[in-house]
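Novice: Got a predicted structure plus its sequence, pasted below:
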Amino acid sequence: MREIKFRAYFPTEKRITPAATLHELINKSVKHKKVLQDELIILRYSGLNDSNGNEIYEGYELLYLGTNMSSMVVKFIDGCFVGEGPFNTLPLKDYINADDFQSIEITGTIYETITFTP
């Protein structure tokens, strides 16, 4: 069973919080602020790590190395974490379980310049 963790992205501050449970995230990041819907984006942990051991969250950009090299964005669609690339959209586990899999690495996020805060 995967760990259930979240990160929060604050677009106006261009800041992403550290991983936490939803309860911790609300208590630490949002507790004393009035936050409007467009001021906070919740990123869900996919339960998977990249080849360097980094946790993969929704909104992350990945580079897949196999027979071919491909870039993708992690999305949560129809109850499944998928890698959406320029030519197809597949469940992340399908990429990792592919016969030609060599590595998958986080290259950034879909959000512009951001600061990860402790």
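Specialist: Yep, that arrived. Residues are numbered from 1 along each chain as shown.
Novice: residue boundaries of the helices in the chain?
Specialist: Defined through DSSP state H, the helices belonging to the chain, from first to last, are 22-25, 92-96.
Novice: Tell me which of those helices is the most buried.
Specialist: By mean neighbour count, with neighbours taken as mean count of other CB atoms under 10 Å, helix 92-96 ranks first of those at a mean of 17. Where C-beta positions appear, they are placed from N, C-alpha and C, glycine not excepted.
Novice: Give me the contact list for it.
Specialist: By CB atoms under 8 Å, 6 or more residues apart in numbering, the surrounding residues in contact with helix 92-96 are 46, 48, 56, 64, 66, 72, 74, 81, 82, 83, 101, 104.
Novice: Tell me the buried residues within these.
Specialist: For these, burial is judged from neighbour counts taken by 16 or more other CB atoms under 10 Å, and it is met by 46, 48, 56, 64, 72, 74, 81, 82, 83, 104.
Novice: what's the pLDDT at the nearest residue to the fifth one once chain neighbours are set aside?
Specialist: Meaning residue 72. The spatially closest residue to residue 72, leaving aside those adjacent along the chain, is residue 83, at 3.6 Å (CB to CB, 6 or more residues apart in numbering). Listed pLDDT for residue 83 reads 93.
Novice: For residue 86, which residues are in contact?
Specialist: Residue 86 touches 70, 71, counting by CB under 8 Å, 6+ apart.
Novice: now it: how far from residue 43?
Specialist: Taking CB to CB, to the nearest Å as the criterion, residue 86 is separated from residue 43 by 22 Å.
Novice: Could I get the full set of strands for this protein?
Specialist: Listed in chain order, the strands found in the chain under DSSP state E are 6-10, 15-16, 41-49, 55-57, 60-65, 69-77, 80-84, 89-91, 103-109, 115-116.
Novice: Let me know which of those strands is the nearest to residue 22.
Specialist: When the strands of the chain are ranked by proximity to residue 22, the top entry is strand 6-10, at 5.4 Å, counting by CB to CB.
Novice: Show me what that closest one is in contact with.
Specialist: Residues from elsewhere that reach strand 6-10 (CB under 8 Å, 6+ apart): 15-22, 25, 29-30, 39-45, 57, 59, 109, 111, 114.
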